[in-house]
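# Next input, structure requested:
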Amino acid sequence: MDERNKNDEVELDLKELFYVLWERKLVIFFAGLAVGLIALFVTKVFITPEFESTTKIYVLSQDAETTGNVDYSQLQTGSMLTKDYMELVTSRPVLEQVITDLDLDLTNEELMKKITVTTPTDTRVLSITVTDADPYTARDIANETRIAAGDHIARVTAAKAVNVVEDANIPTVASSPSTMKNVVIGGMAGLLLAILIIVLNYMMNDTLRTSEDVEKYLGLSTLGIIPVSMNEPKTKKKKRKHRNK
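Below you'll find the predicted structure:
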């Protein structure tokens, strides 16, 4: 019997909490809207757009065959070599050559953070992607990295050739930040923050508001309720004050 009463009380509290949130739905909505607009303002004003430019190369190793069948061991060797090539692209000699050729005011570590090297599965194609605030600088760094990396790979691994799959492009659309993503995240954060504040305020408010609250929390039966009118005419209030005087 006690367990059933506890469940009833929890269910009643959840329903009451839902009604409290529903009564403040406009507050929650405008809180989400406000934080979303703040996120939009911060994204547009304080975050510098970044552009990505990508170039691709294909490394033809010494054991590669232009005709005939390729067995599994050769595929494994090619896959391992591709990982080696990815490491060589961002090696110190390549970075130093790119900085020197383009006269960049960057350190090796700063330039390395701008370069991302990836390769599609089961291929020897290397994608060199450069991220920079200036689209033309991103393109120049990508192309220069491709040239320097090609020379370095051929020198270190004795590869037969490093062929250009595609040159770096001039990006026209910023890759980051994502304005829509930031606005959505900001709006959701505002909604959750408003809900959290309302829930905490509800849980910390121990005021007895109804006769049911008196019976539930104090275990007392109410004999009657005295209604209080908040819209009492001012003339009546003045008369009462005059009588009291």
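
# Going along the chain, name the helices of this protein.
All helices of the chain, identified by DSSP state H, fall at 2-23, 25-45, 72-89, 92-102, 108-114, 135-157, 179-204, 211-213, 234-244.

# quick check: mean pLDDT across the shortest one?
The average of the pLDDT scores along helix 211-213 is 64.

# Just checking: what are the partner strands of the lengthiest strand in the chain?
What stands out as the longest strand in the chain, according to DSSP state E, is strand 51-60. Strand 51-60 pairs in its sheet with strand 125-132 (antiparallel), strand 161-166 (antiparallel), by DSSP bridges.

# Least reliable of the helices of the chain by average pLDDT, please.
helix 234-244 (a mean of 50).

# among the strands paired with strand 51-60, which is the most enclosed?
Highest mean neighbour count among the strands paired with strand 51-60 (mean count of other Cβ atoms under 10 Å): strand 125-132, with a mean of 20. Placement of C-beta: from N, CA and C, glycine included.

# quick one, it and helix 135-157 angle?
140 degrees (axes from the mean of the first three to the mean of the last three Cα atoms, to 10 degrees).

# picking up where we left off before, mind listing what's buried along the longest strand of the chain?
51-57, 59 (16 or more other Cβ atoms under 10 Å).

# CA-only coordinates of that strand in PDB, if you can.
In PDB, the C-alpha atoms belonging to strand 51-60 read as follows (Å, rounded to 0.1, in the frame of the first residue of the first chain):
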ATOM      1  CA  PHE A  51      38.800  27.500 -46.200                       C
ATOM      2  CA  GLU A  52      40.000  24.000 -47.400                       C
ATOM      3  CA  SER A  53      42.000  23.300 -50.500                       C
ATOM      4  CA  THR A  54      42.800  19.700 -51.600                       C
ATOM      5  CA  THR A  55      45.400  18.300 -54.000                       C
ATOM      6  CA  LYS A  56      45.900  14.600 -54.800                       C
ATOM      7  CA  ILE A  57      48.900  12.500 -55.800                       C
ATOM      8  CA  TYR A  58      49.500   8.900 -56.800                       C
ATOM      9  CA  VAL A  59      52.800   7.200 -55.900                       C
ATOM     10  CA  LEU A  60      54.000   4.500 -58.200                       C
END
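
# how does the chain divide up, domain by domain?
For the chain, the structural domains run 2-44+178-244, 51-166, going by automatic domain parsing.

# From start to finish, how long is the longest one in a straight line?
In this case it means domain 51-166. One end of domain 51-166 sits 18 Å from the other (Cα to Cα, to the nearest Å).

# Please state the offset of stretch 157-169 from the chain centre?
In terms of Cα atoms, centre = their mean, to the nearest Å, the centre of stretch 157-169 is set 34 Å apart from its chain centre.

# what's the answer for stretch 142-162, then?
Distance, stretch centre to chain centre, for stretch 142-162: 35 Å (Cα atoms, centre = their mean).
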